[in-house]
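Pasted the sequence and its predicted model underneath.
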Amino acid sequence: MKKNSLKSHKQSLIERLKTRENIQDYLNAVIEVNPEPEIRVSMLLKALRNVVDTKFGISKISRLTELDRTHLYNMLSESGNPTVKSLDMVLSTMGLHISISATDLDDEPIASGQGTRL
């Protein structure tokens, strides 16, 4: 990707992520369009990193959460594996929170693992 394309992508994100509601919609859209759990988590972390980079900056989030910058870089990478506590701390600094909602699956319970039905 050319430098101008990267700059325009970042500028576009800055424009779209002006409010908490826009950030919420962006992160929820990333979750909703990725059906596979592993891909969904990876893309959510990448999107969250985009929000942090374009809207707040790693240094500011590090200062506000008291999480080490290196830890933040690692947890917000596509292969990151943040704890729920760390993820909640980052979201809270942006005025967001973790929420759980039911899926559109039928009422059969799901077994633990990769979404295998009982």
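Here it is on my side, so go on.

Now tell me which helix or strand of the protein has the poorest mean pLDDT.
Of all helical and strand segments in the chain, the minimum by mean pLDDT, DSSP states H and E falls on helix 3-16, at a mean of 74.

What does the pLDDT read for residue 54?
Looking at residue 54, its pLDDT reads 88.

How much space separates the closest residue to it other than its chain neighbours from residue 42?
Nearest in space to residue 54, with sequence neighbours left out and distances taken as CB to CB, 6 or more residues apart in numbering, is residue 13 at 4.6 Å. C-beta coordinates here come from the backbone N, C-alpha and C atoms, glycine included. Between residue 13 and residue 42 the distance is 18 Å, computed by CB to CB, to the nearest Å.

Kindly report the same for residue 20.
24 Å.

The two: which is more packed in?
Shown here are residue 20 and residue 42; by other CB atoms under 10 Å, residue 42 has more neighbours (17 against 12).

Could I get the contacting residues of that one?
78, 79 (CB atoms under 8 Å, 6 or more residues apart in numbering).

Following the chain onward from the helix or strand it falls within, which element is next?
Using DSSP states H and E, the element containing residue 42 is helix 37-51. The helix or strand immediately downstream of helix 37-51 is helix 58-65, counting by DSSP H and E.

what's the model's confidence in that next one, averaged?
Mean predicted confidence for helix 58-65 is 96.
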